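# Predicted model and sequence below, questions to follow.
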Amino acid sequence: MTVLLAAVMLPGCKKEKEENNQTGLVLGFSQIGSESAWRIGNTKDIEEQAEAYGIGLRLENANQKQDNQIAAIRRFIAYRVDVIAFSPVVEEGWDNVLMEAKEAGIPIILVDRDINTEQEGLTTCLIGADFYREGVQAAEYLIRKADRLGLEHVNIVEIGGTENSTPMRQRQAGFMDTIAGDSRMHVLESIDGDFLKSRGEECMRYYMEKYGEQIDVVFSHNDEMTIGAIPEIEKAGFKPGKDIIIISIDGGQEAINVLKEGKINCVVECTPKLGKELMETALKLKKGETVDPVIHPVEQVFSDEMNVSQIGPRGY
Ligand code: GYE
């Protein structure tokens, strides 16, 4: 009965969302998927802000597949939305579909992640975090922590985000560039954990079996993978946050709770709240105004260097 009702009601709800456009603007948005609390928070924020701004939103979830995103962008073109936005799962492979949008005269906004194209001028701007800086901040925390503990040799294992994605590439580059100047730091291995909790778990199990007590630090590119990794450290008989330094990125509520328990040492914030900037930018583009090519949100670092009990509710 419930399923039937949902099936009957869903298309109606979608239409309502698109028709809620007091501004006369329809925005097509292709989201990557629902792989993390970050992503779910990002989708929710974009839906809420579209509603608040009176912008009609046509949102499609690509279930982590680039092909689905390309198909969604083609549907947005056919539907003749005013502006197209998307969070590209990987950086390469967008030239053709973006040329089609350009020929149709529809401006493109990149949300969250960047792309690499052969042709220039296919997109108007990028609204997303400075991932390189997040990697630098993670490494700077580690250097301070090693100083405080008086460590002379630091073995690091890395659990990386989706291969060929901007946050994976930039977080790794920022981190590696920063530790390169510190002769105590040694990276034992880096593996792609695809930003998924299940992969974080698998990677950590492998690391514990292969390196065991040699591991001093886990640098994980997002909270989901960190939360997947922690029980594997415990199962192997070590205390996360004490025997092994745990560094994560995102700052969702679940990870902040674990930071408060002392099982994570540092979480670099990456905010999913990009909806407001997205709506403002889409409105400017509709009016034919120019927009800033890159918009980075302001972000902070949460760690055992501060009074963690005072960190307020995160909202994602
Ligand atoms: O860190 C991760 C998500 O692109 C910033 O994607 C985003 C990343 C985020 O799945 O949790």
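Structure's in. What do you need?
# from here on, contacts and neighbour counts on C-alpha atoms
OK.
# tell me which element Ile156 falls in.
strand 154-160 (DSSP states H and E).
# Can you name the next helix or strand after that strand?
Where DSSP H and E defines the elements, the next helix or strand beyond strand 154-160 is helix 166-179.
# What mean pLDDT does that following helix get?
Mean pLDDT, helix 166-179: 98.
# One more: stretch 115-132?
Mean per-residue pLDDT for stretch 115-132: 97.
# Need the CA coordinates for it. CSV is fine.
In CSV, the C-alpha atoms belonging to stretch 115-132 read as follows (Å, rounded to 0.1, in the frame of the first residue of the first chain):
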residue,chain,number,x,y,z
ILE,A,115,37.1,18.7,-14.1
ASN,A,116,39.8,18.5,-16.7
THR,A,117,38.7,19.3,-20.2
GLU,A,118,40.6,19.6,-23.5
GLN,A,119,38.6,22.6,-24.6
GLU,A,120,38.4,25.7,-22.4
GLY,A,121,35.4,27.8,-21.4
LEU,A,122,33.0,24.9,-21.1
THR,A,123,32.0,25.8,-17.5
THR,A,124,31.3,29.1,-15.8
CYS,A,125,32.6,28.5,-12.3
LEU,A,126,33.4,26.1,-9.5
ILE,A,127,31.7,26.2,-6.1
GLY,A,128,33.5,23.9,-3.7
ALA,A,129,36.1,23.4,-1.0
ASP,A,130,39.8,23.9,-1.3
PHE,A,131,40.8,20.3,-1.1
TYR,A,132,44.5,21.0,-1.4
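# Am I right that Gly33 is in a strand?
No - secondary structure of Gly33 (DSSP: H, G, I helix; E, B strand; the rest coil): coil, not part of a strand.
# What strands flank the strand holding Ile156, and is each parallel or antiparallel?
Strand 154-160 pairs in its sheet with strand 185-192 (parallel), strand 217-220 (parallel), by DSSP bridges.
# after the shortest one, next one along is what?
Moving toward the C-terminus from strand 217-220, the next helix or strand (DSSP H and E) is helix 223-235.
# before we move on, the earlier item: what's the angle from the strand holding Ile156 to helix 166-179?
With axes from the mean of the first three to the mean of the last three Cα atoms, to 10 degrees defining the directions, strand 154-160 sits at 170 degrees from helix 166-179.
# Can you lay out the strands paired with strand 154-160 as JSON lines showing distance to Ala255?
Below are the strands paired with strand 154-160 laid out as JSON lines (distance: least, Cα to Cα, whole Å):
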{"stretch": "strand 185-192", "distance to Ala255": "20"}
{"stretch": "strand 217-220", "distance to Ala255": "12"}
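# Most tightly packed of those?
strand 217-220 (a mean of 26; mean count of other Cα atoms under 10 Å).
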